[in-house]
Each structure stands twice: as C-alpha cells, then as structure tokens.
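Asks: Sequence below, structure please.
(one chain, ligands or ions: 1)
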Amino acid sequence: MLHRNKFLSNKITNRIMSHHFLRQNCRTMSTRRFNNVKDEDEQYHNKLRRKTENEEAQIYLLKSRGQHLLMNPRVLNTIVQKSNILPTDTVLEIGPGTGNLTLKLLEVAEKVIAIEIDKRMVEILHKRVAERGLQGRLTVICQDALKTEFPQFDLMVANIPYGISSPLVAKLVYGKNSYRSGTLLLQKEFARRLLANPGDSEFNRLAVNVKLVADVEFVMNVSKKDFLPCPKVDSSVVKIHPKTEIPEVDFDEWCAFTRTCFTKKNKTLGAIFKQKGMLMELMKLQETKGDEENNTIYSDYHVNDAEDEDGARNEGNGNFSSTVGKDLNLFKEIINDILRSGGFEDKRPSKLSHEELLDLLSLFNQARIHFHGQVKPMDESEAELASAFDPL
Ligand code: SAH
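Replies: Model (predicted):
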C-alpha cells in the first residue's frame, strides 16, 4: 500500500531534505490528520503541489514497508552519539532507507552493514554513499532482515520498520551473534513495553522475554514530525545491552512458558493453569516428550502427603506416565500441587520477577513438566522465538 500523496522525488533523495520541506509536509499531515482543521485553501494548495511533485516522483514510500524516513539531523546525531561507536566497530543497520542514518554511521564506524528489503532504496543508498566516497565501508544486503542470517557485528543502530519490531528485537537478543548494544528507534508504545517492569501496566511477555537476556535503557523520545512522511505515532529511542550473566535456561522453553503464563497476564496463575484447552495442550506435550524419554515423565513426581494419605491416587505413584497421560483431572491436580508448593497459586504473571518465574519453571521441570516439544532445527526455532514475542 502506498502512503497516499507522499513520495520522495529523486531530486530530494540526493540530499537530506530541507527542514522547510519537512515542516511543510508534517504540518500538512498534522493539520489534516491530527487537528482536524479544515482549511480549504490550504488543502487545495497542497493538492496542487502534490500533483506537480508526483509527476517527477521516482520512488513511492510504501506504508506496508514502514517507510518513514527520519529527517531531523539533531535526532540522527543523538542516535549516533548515544550508540558509542568506536572507530573499529562494525555497525549493523536494519532498513537504512535512503541512508540518512547510514551516512552518519559511516562517518564514525569502521564498517556499516545495512540490510534493506527495497531495491529502490538500495540504489539511492549506494548513490548517496558513493557521492561521499564512503562506498568502501558499506555493505548492503538487499533482503528481508528477518529471513537473513545476521553477519558478525559489534553494534546494531537502526530506525527500523515498526511492523517488524517484535521479531527483530527477538532476533537481536536471542540470536547467535554476540554484540555490544543495539540502539533502536521504535514506536513509542513498543518502547514503553520494552522498558516496563513487573507490576507496570505495560509489563508483558515482550518485556519479560527481552529482559531475561538484556537490559533496556531509555534514550529519548522522537516526535512524529521528525519523519517523512509523518507517521500516526510518536517514537522513542532505546538502547539494548545484552546481559553479561544470563540464567541457565532453555530459551525455547522459556518463551513457550511465558507464552502460557502471559496469555492472561492479570489472572492468577491458579486460574490460568485451570483452563482446559491449555491443560490439554500441555498434557499432550508431556506425552510426546514422555515417548521420547521412554515414558519417564512424572516418574520422579510424588503427590503430596495429603494425597498419599487419602490413597485415591497411589496406584500411579512412582510412574504416572500411563495414568496421568490420559487423565486430565489428575494432570490438573499435579499442576495445582506445583503452584501451591511454590506459593504461586494466587500470584499474577504480570507482577512476577524473573527470579520468581524461573523458580516456577524449575518447579515444573522438576516434575518433568516441560513447555515445548521436540528440539527444532535452528531456523524453525528462530521463527518460534520470534512468534513467542507476539502479540504485543
Ligand atoms: N532508516 C531509514 C529508513 C527507515 S524506513 C531512516 O531512518 O530514514 C524503514 C526502512 O526499512 C525502509 O527503507 C524499508 O524499505 C525497510 N524495510 C522494511 N521491511 C524490511 C525488512 N523486513 N527487512 C529489511 N528492511 C526492511
């Protein structure tokens, strides 16, 4: 889908667009879209101007690709400055567009690798970089950043297309690459979620998954007026720092676990783990896993004393695989016992710290209850990781 009436003329893309031009465009948008002021003269004038400019237009900015170019040099400079780029660094940029940020990165980094999906953007980018004689330090990969294996890099610095924020952040923090930091311009609401802590209303699965392995620092807010075309949302810059010490946990399983816990993040865990559909799915997983492990699931699980005393389920004690695998009620009780034993029954996922969530997962694992199936090949499990961050 095109940004209607918004385009980038060739003339304009060969240099950073003038502030005057930017302001005019943004004011037009805000007047029309945000303030609802109906100034017929202005509308007529804009229509005429757009018509004239459209005739020379070489490239249309695509809404579907999140093509909002960052125009404000002050913001561009701050992003570069806050990224703490060393002269020896290789910077990975996702979605360089026409290169407003790339040109600034090339001034300070040893090398920039840019992944851009749109061939037209790549052409403009090459041209602008060559004009400054910086082409020797730029590598452009013309592909979908989500489907491309990231090359080795020290820092990620990018104004990314907002539509791919979740999987991209997942790919950065859970990817194979070691990196020093990622400075990203994101939709403001998304950034707020990333920055949220347990107990905050915005704290969700995205935050809990990212913050298991990384610290997120707020850098600055960026007005929608600093972009061309002017988007509907404001933005924020955050800096992601990978943690030096990461908990020993299977990340696939962690993401599957938080997906289960955060389906209803404000309900109590007791209520969440009572849902039949979820319990059945979880039980099915244990059966698959049990087959792989020669039916050893639950073999170490012992029902609590009270249940031992009433004798009702003692026949399964020692090896529950055959009984529990087929008995949803018994499985539900086992889960309840686990929640109760850790004091989790009345707690809400949105208020739990990482330590508490890790404790709970460990209690499940001790009872041989796991939250993911077979080990998947890398690309499939990457996709699963990415989807584990959705919906936001
Ligand atoms: N960083 C530039 C442009 C931002 S617009 C600036 O600040 O001015 C987002 C850019 O990401 C666009 O150029 C768009 O074509 C590109 N893009 C969108 N989806 C992408 C994807 N999946 N992989 C790589 N690039 C993508």
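Asks: can you give me the strands for the stretch 51-200 of the chain?
Replies: Using DSSP state E, counting those that start in this stretch, the strands of the stretch 51-200 of the chain run over residues 57-62, 69-70, 90-94, 111-115, 138-141, 155-159, 181-187.
Asks: Let's have those in JSON lines, adding mean neighbour count, mean pLDDT and distance to the ligand.
Replies: Bear in mind the C-beta positions are built from the backbone N, C-alpha and C, glycine included. Output for the strands of the stretch 51-200 of the chain, formatted as JSON lines (neighbours: other CB atoms under 10 Å; pLDDT from 0 to 100; distance: least, CB to the nearest ligand atom, whole Å):
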{"stretch": "strand 57-62", "mean neighbour count": "17", "mean pLDDT": "76", "distance to the ligand": "7"}
{"stretch": "strand 69-70", "mean neighbour count": "20", "mean pLDDT": "96", "distance to the ligand": "3"}
{"stretch": "strand 90-94", "mean neighbour count": "25", "mean pLDDT": "98", "distance to the ligand": "6"}
{"stretch": "strand 111-115", "mean neighbour count": "23", "mean pLDDT": "98", "distance to the ligand": "5"}
{"stretch": "strand 138-141", "mean neighbour count": "18", "mean pLDDT": "98", "distance to the ligand": "9"}
{"stretch": "strand 155-159", "mean neighbour count": "26", "mean pLDDT": "98", "distance to the ligand": "3"}
{"stretch": "strand 181-187", "mean neighbour count": "24", "mean pLDDT": "98", "distance to the ligand": "7"}
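Asks: Need those strands in CSV (columns: distance to Asp215).
Replies: Formatted as CSV, those follow (distance: least, CB to CB, whole Å):
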stretch, distance to Asp215
strand 57-62, 34
strand 69-70, 25
strand 90-94, 19
strand 111-115, 24
strand 138-141, 28
strand 155-159, 15
strand 181-187, 10
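Asks: For the residue of the stretch 201-350 of the chain found nearest the ligand, give me its contacts.
Replies: Nearest residue of the stretch 201-350 of the chain to the ligand: Phe227, at 7.7 Å (CB to the nearest ligand atom). By CB atoms under 8 Å, 6 or more residues apart in numbering, Phe227 lies in contact with Cys26, His68, Leu69, Leu70, Met71, Ser235.
Asks: On the pLDDT front, check it for me.
Replies: Note on Phe227: pLDDT of 95.
Asks: Then the one 3 residues further on?
Replies: Model confidence at Cys230, given as pLDDT, is 93.
Asks: number of nearby residues for it?
Replies: 23 (other CB atoms under 10 Å).
Asks: Asn209 now?
Replies: 24.
Asks: That one: helix or strand, and which one exactly?
Replies: Element membership for Asn209, per DSSP states H and E: helix 205-213.
Asks: What mean pLDDT does stretch 279-289 get?
Replies: 80.
Asks: any weak-confidence spans in the stretch 201-350 of the chain?
Replies: 288-326 (pLDDT under 70).
Asks: As a check, name the ranges of all strands in it.
Replies: Under DSSP E, counting those that start in this stretch, the stretch 201-350 of the chain gives strands at 214-222, 227-228, 235-242.
Asks: Which one, of those, ends up nearest to Leu185?
Replies: strand 235-242 (5.1 Å; CB to CB).
Asks: now the angle between strand 155-159 and the closest one, please.
Replies: Angle of strand 235-242 versus strand 155-159, following axes from the mean of the first three to the mean of the last three CA atoms, to 10 degrees, is 170 degrees.
Asks: Summarise which helices and strands strand 235-242 is packed against.
Replies: Applying 3 or more CB pairs under 8 Å, 6 or more residues apart in numbering; DSSP states H and E, one finds that strand 235-242 makes contact with helix 73-82, helix 165-174, strand 181-187, helix 188-195, strand 214-222.
Asks: Out of the strands of the stretch 201-350 of the chain, which is the most enclosed?
Replies: The highest mean neighbour count among the strands of the stretch 201-350 of the chain, using mean count of other CB atoms under 10 Å, belongs to strand 227-228: a mean of 26.
Asks: quick one: strands adjacent to that strand?
Replies: Sheet pairing of strand 227-228 (DSSP bridges) gives strand 69-70 (antiparallel).
Asks: Could you count how many residues lie near the closest residue to Met121 other than its chain neighbours?
Replies: Nearest residue to Met121 in three dimensions, chain neighbours excluded: Gly97, at 5.3 Å (CB to CB, 6 or more residues apart in numbering). Look at Gly97: counted by other CB under 10 Å, it has 26 neighbours.
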